[in-house]
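K.L.:
sequence plus the predicted model coming up.
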2 protein chains.
Amino acid sequence: MAKNENHNIKLRIWFYSGENKVLGKGRIELLERIKDTGSISGAAKQMKMSYRQAWQMVEEMNEFSKLPLVEKQLGGKSGGGTIVTEAGERAIKAFHTLENKVNAFAIKEAEKLKF
Amino acid sequence: MAKNENHNIKLRIWFYSGENKVLGKGRIELLERIKDTGSISGAAKQMKMSYRQAWQMVEEMNEFSKLPLVEKQLGGKSGGGTIVTEAGERAIKAFHTLENKVNAFAIKEAEKLKF
């Protein structure tokens, strides 16, 4: 089966700061879900992870990015909530852009390399 | 810490045939160790996996590649052994070449995307 098809490629990308993971596919999804739900716990629930796990990821993303990607907002009518900052929005976009470009490049290069 | 450093990038690539994994970093290492040791069991031992696990990986690589990547050799003075075929050698080289090229491309692209 599939002997005559070309192989296709999957790839995953992570951003590190030194040895510390800053962003990867999962953390980008977490940012997107925080943006949608307005809370870390809502995002954690959607991703079937514990609040503690999600909170730790957010802490690490914030610590190792130049600017915080996620911020708590205080009070207000809605009782506050959690937002994705502008830097966070840029990170989401940057990650998807990079993923798409690198993917396209890898597919093109892989076509040259039959085995 | 590290707030002013650029982020660095790590990436992993897998070759698939449809939904079936053919090659990834681990399987390439397995091929390389089979080449070095002349046996699946020797390679498995070095990689701290079971013979069964290594053997299954080899079966899958062979099944979903255009040509077998690994072959058993019969008898002879040394009592036979397992070799990496020419197609297997090409696959090892192709994988490393792709990994290096895609890595270089990703690093270059990531530099444009600060967050």
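P.N.:
Perfect, thanks for sending it.
K.L.:
helices of chain A, start to end?
P.N.:
Ranges of helices in chain A, per DSSP state H, are A:25-37, A:40-46, A:51-64, A:86-111.
K.L.:
among these, which is nearest chain B?
P.N.:
helix A:86-111 (3.8 Å; Cβ to the nearest Cβ). Just so you know, the C-beta spots here come from the backbone N, C-alpha and C atoms, and that holds for glycine as well.
K.L.:
including mean pLDDT, distance to residue A:14 and mean neighbour count, could the helices of chain A go into TSV?
P.N.:
Output for the helices of chain A, formatted as TSV (pLDDT from 0 to 100; distance: least, Cβ to Cβ, whole Å; neighbours: other Cβ atoms under 10 Å in any protein chain shown):
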stretch	mean pLDDT	distance to residue A:14	mean neighbour count
helix A:25-37	97	8	18
helix A:40-46	96	19	19
helix A:51-64	95	12	17
helix A:86-111	93	10	17
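K.L.:
in TSV, list these along with distance to residue B:110.
P.N.:
TSV is the format used below for the helices of chain A (distance: least, Cβ to Cβ, whole Å):
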stretch	distance to residue B:110
helix A:25-37	14
helix A:40-46	25
helix A:51-64	15
helix A:86-111	6
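K.L.:
in a markdown table, list the ones you listed along with distance to chain B.
P.N.:
Listed next are those as a markdown table, based on distance: least, Cβ to the nearest Cβ, whole Å:
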| stretch | distance to chain B |
| --- | --- |
| helix A:25-37 | 11 |
| helix A:40-46 | 19 |
| helix A:51-64 | 6 |
| helix A:86-111 | 4 |
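K.L.:
quick one: residues contacting residue A:12.
P.N.:
A:24-25, B:11-12 (Cβ atoms under 8 Å, 6 or more residues apart in numbering or on different chains).
K.L.:
just residue A:80 next, same as before
P.N.:
Residue A:80 touches A:72-74, counting by Cβ under 8 Å, 6+ apart.
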